[in-house]
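Novice: how would this look folded up:
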Amino acid sequence: MPVLRIEHPVPSYEGWKQAFDSDPVGRERSGVRRYQISRAMDDPNYVMIDLEFDTRAEAEALLAAMRGVWSRVEGAIMMSPQARVVEVVERKEY
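Specialist: Reported below is the predicted structural model:
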């Protein structure tokens, strides 16, 4: 399963979350099946987002769209985004 993993610091989690919830790229329409948001325990203004897709092409297309969004909001909503498409090769729950 392809996952688009994005992580970056934010000036304000609440401000970033409001922008995330506004969904400027249409996550569901872009093929996102589910997502997870995490925050660093030692820095609540550092977020990590995992967006799961059926195909690598969908994940890469959303990443391209996100780069367009980031170019407009970097510094105000988030800073220095790092992103890559990864493959989940194993998952086990206890």
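
Novice: give the buried residues for the one helix or strand Val69 maps to.
Specialist: In the assignment (DSSP states H and E), Val69 maps to helix 56-73. Neighbour counts over helix 56-73 (16 or more other CB atoms under 10 Å) mark Glu58, Ala59, Ala61, Leu62, Leu63, Met66, Trp70 as buried. C-beta coordinates here come from the backbone N, C-alpha and C atoms, glycine included.

Novice: just checking, what packs against the strand ranked longest in the chain?
Specialist: Once the chain is assigned using DSSP state E, the strand that runs over the most residues is strand 43-52. In terms of contacts (3 or more CB pairs under 8 Å, 6 or more residues apart in numbering; DSSP states H and E), strand 43-52 is packed against strand 2-9, helix 13-22, strand 34-40.

Novice: could I get the average pLDDT for it?
Specialist: For strand 43-52, mean pLDDT is 97.

Novice: for that strand, buried residues please.
Specialist: In strand 43-52, counting by 16+ other CB under 10 Å, buried: Asn45, Val47, Ile49, Asp50, Leu51, Glu52.

Novice: distance-wise, check the last one relative to Ser22.
Specialist: Noted for Glu52: a distance of 21 Å to Ser22, by CB to CB, to the nearest Å.

Novice: kindly report the same for the second one.
Specialist: As for Val47, its distance to Ser22 is 15 Å (criterion: CB to CB).

Novice: can you say which of the helices and strands packed on strand 43-52 is nearest to Ala83?
Specialist: strand 2-9 (4.5 Å; CB to CB).

Novice: walk me through which strands the closest one pairs with, and which way each runs.
Specialist: If you go by DSSP bridges, strand 2-9 pairs up with strand 43-52 (antiparallel), strand 82-87 (antiparallel).
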